[in-house]
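*Asks:* sequence and predicted model, in that order:
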Amino acid sequence: MLTKLIILRGNSGSGKTTLAKEIHNRLPRNTLLISQDVVRRNMLHVKDGENTLALPLLGALLTYGYQNCDYVILEGILNAKWYAPLFKKAQNLFGKYIYAYYFDIPFEETMKRHQERHEASFGEEEMRSWWNEKNYIGFLPEKTFTRNQSLNDEVNIIMKEIK
């Protein structure tokens, strides 16, 4: 079986991490979950932005996943401009086996979702400063999730498409 890559992107509070964890739990063993926040904030303690020092490690993790896993899930805000080199690397590695999804959800809904989470650790001002409307990759086809889809809807869509 060829390794499949699932990319989950969108603004803070949109539901990426929750969906990534749910998909990770439903897929068989040997599925790698790569969280941008874990790599950037927890492992490396570096800032996000153009040429972030997280890029080389994220790229190495993608390569590892491609070589050793059945599925790789990459999730995070993953600004399309800043992370273009990572997406190009993913395209070279995984080819047509990339399933990319973008959360196109209004700011107010992301605030609501963020406030419902247990670890809501930042406020509206910070979330507004990070907001990036319709931040599509462009050269990779991405399907969109909207506020009208539930977590269960999103899970069912992905599980059906990757099988």
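*Replies:* Alright, I've got the coordinates.
*Asks:* residues contacting the nearest residue to Glu109 once chain neighbours are set aside?
*Replies:* Distance criterion CB to CB, 6 or more residues apart in numbering; nearest residue to Glu109, sequence neighbours excluded, is Arg147 at 4.6 Å. Quick note: C-beta positions are derived from backbone N, CA and C, even for glycine. Shown in contact with Arg147 (CB atoms under 8 Å, 6 or more residues apart in numbering): 105-106, 109.
*Asks:* just for the protein, where's the confidence low?
*Replies:* The chain contains residues with pLDDT under 70 at 1, 117-122.
*Asks:* how far away is Leu33 from Ser14?
*Replies:* 17 Å (CB to CB, to the nearest Å).
*Asks:* out of the two, which sits in the more crowded spot?
*Replies:* Comparing Leu33 with Ser14 by other CB atoms under 10 Å, the one with more neighbours is Ser14, at 24 against 21.
*Asks:* which phi and psi does that one have?
*Replies:* phi -80, psi -20 (degrees, to the nearest 10).
*Asks:* please tell me how far it sits from Asn132.
*Replies:* 11 Å.
*Asks:* tell me the SS of Ile7?
*Replies:* strand (DSSP: H, G, I helix; E, B strand; the rest coil).
*Asks:* pretty sure it contacts Tyr97?
*Replies:* No: contact between Ile7 and Tyr97 fails when scored by CB atoms under 8 Å: they sit 11.4 Å apart.
*Asks:* neighbour-wise, which of the two wins?
*Replies:* Using other CB under 10 Å as the criterion, Ile7 and Tyr97 rank with Ile7 on top: 26 against 17.
*Asks:* grab the nearest non-local neighbour of that one.
*Replies:* The nearest residue in space to Ile7 (CB to CB, 6+ apart) is Ala100, at 4.1 Å.
*Asks:* confirm that the one you found sits in a strand.
*Replies:* Yes: Ala100 sits within a strand when classified using three-state DSSP.
*Asks:* how many residues are close by Ala90?
*Replies:* 26.
*Asks:* do Glu22 as well
*Replies:* Counted with other CB under 10 Å, Glu22 comes out at 17.
*Asks:* now the helix or strand hosting it: buried residues?
*Replies:* Here Glu22 sits within helix 16-26, counting by DSSP states H and E. Buried residues in helix 16-26, counted by 16 or more other CB atoms under 10 Å: 16-20, 22-24.
*Asks:* quick one: contacts for the closest residue to Leu93 other than its chain neighbours?
*Replies:* Leaving aside its sequence neighbours, Leu93 sits nearest to Tyr66 (CB to CB, 6+ apart; 4.5 Å). The contact partners of Tyr66, by CB under 8 Å, 6+ apart, come to 3, 5, 72, 93-94.
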